[in-house]
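Trainee: Structure here, sequence nowhere to be found:
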């Protein structure tokens, strides 16, 4: 290595440790100092994991995440002894990443028995010819699946290799766990980010429910003062239609949704325009004993009954996270900042180590 190259490497390592500026090739798509997001990790995600551990009477969880290169969620849960990175089975921590530099960083930090999958979730989960397909499905099931999508998910770029088929396949595969698990899905409610064909599908789901369920019709009219899906704004249409679709696919997999929470919070895009993020937190409970998949079996009858009771779940008031965060005592906010800083230091140290290896 030349003296000039060595000097560049040392400079990059110092910048990584100090966090003075983003590393070339490891540009961040998340805000390092997003204390509000860390509030969600600690006050909602972490608490739901702790509750699942008590319910299942297990020492720790297996966790799958769309975590970005920082992986603050996995770091937080590992530091809290909610994930054991040394256990061989089930997979303690799995992730997928489609950016090569970010994937390489994650792969260098979270070594076996953690498992990384290079590519887009919707492709590796649905394309049997994908290089990661077998390895990806071989890592299932997980206890907690966190689909914190970065991009727009209500798209129909491909008729099969899309988010809907991926989530459907995940719920179907997870049903074989025969034990309760957590499924979390985040979407960004930005204007004109929902394809017309997807809007049409959501309207069809809502119209079917309006025709088939008096309780759904009653709650819909109470909330909106009409019964016409065409009058819903984009955010309302997606929130109702997407939850109804999730109820449908879980019911079809002989599973039921329990303890749902919907988190609502606000972000700003690069142009300073505010938009909402919706974070659906669901406990999914597969029927424990399905000897034969049948529409007339006990599992089908029980799940259909629960599906009917959950017809109005989509009208549940979301938790205003912005408001809850504003109500926090200053000492609690400072504690969150300190904890996030510690995770950030871990990340920067790992980044420096990754650069050194290269």
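Mentor: That came through fine. Quick caveat, the model's predicted, so the values are computed rather than measured.
Trainee: and the residue nearest to residue 52 when sequence neighbours are not counted, which of the three is it?
Mentor: Leaving aside its sequence neighbours, residue 52 sits nearest to residue 182 (Cβ to Cβ, 6 or more residues apart in numbering; 5.7 Å). To be clear about C-beta, it is placed using only N, CA and C from the backbone, and glycine gets the same treatment. The three-state label given to residue 182 by DSSP: H, G, I helix; E, B strand; the rest coil is strand.
Trainee: For residue 182, give the beta-bridge partners.
Mentor: Beta-bridge pairing of residue 182 under DSSP bridges involves residue 144, residue 283.
Trainee: Would you confirm that it contacts residue 49?
Mentor: Yes - using Cβ atoms under 8 Å, residue 182 is in contact with residue 49, at 7.0 Å.
Trainee: Pull up the overlap in contacts between those two.
Mentor: Common contact partners of residue 182 and residue 49 (Cβ atoms under 8 Å, 6 or more residues apart in numbering): residue 144.
Trainee: Give me the distance between the two termini of stretch 126-134.
Mentor: 11 Å (Cα to Cα, to the nearest Å).
Trainee: Show me how far it is from its chain's centre.
Mentor: 21 Å (Cα atoms, centre = their mean, to the nearest Å).
Trainee: who touches it?
Mentor: Applying Cβ under 8 Å, 6+ apart, the set of residues contacting stretch 126-134 is 96, 117-119, 123-125, 136, 160-162, 165-166, 169.
Trainee: Can I get the buried part of these as one PyMOL selection?
Mentor: Of these, the buried ones can be selected in PyMOL as follows, counting by 16 or more other Cβ atoms under 10 Å:
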select buried, resi 96+117+118+119+123+124+125+136+161+162+165+166+169
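Trainee: from the contacts of stretch 126-134, which is closest to residue 232?
Mentor: residue 162 (22.3 Å; Cβ to Cβ).
Trainee: nearest residue to that closest one other than its sequence neighbours?
Mentor: residue 122 (5.3 Å).
Trainee: do residue 177 as well
Mentor: That would be residue 141: by Cβ to Cβ, 6+ apart, it lies 4.1 Å from residue 177.
Trainee: so is the one you found in a helix, a strand, or just coil?
Mentor: coil.
Trainee: residues in contact with it?
Mentor: Under the criterion of Cβ under 8 Å, 6+ apart, the contact partners of residue 141 comprise 62, 90, 173-174, 176-177, 181.
Trainee: Out of these, which end up buried?
Mentor: Those of those that meet the buried threshold are 62, 90, 174, 177, 181, by 16+ other Cβ under 10 Å.
Trainee: I'd like to know which of these are part of helices.
Mentor: residue 174 (DSSP state H).
Trainee: where does the stretch 51-200 of the chain dip in pLDDT?
Mentor: Low-confidence segments of the stretch 51-200 of the chain (pLDDT under 70): 150-152.
Trainee: what about the helices in it?
Mentor: 72-79, 100-109, 121-124, 133-138, 163-174, 196-212 (DSSP state H, counting those that start in this stretch).
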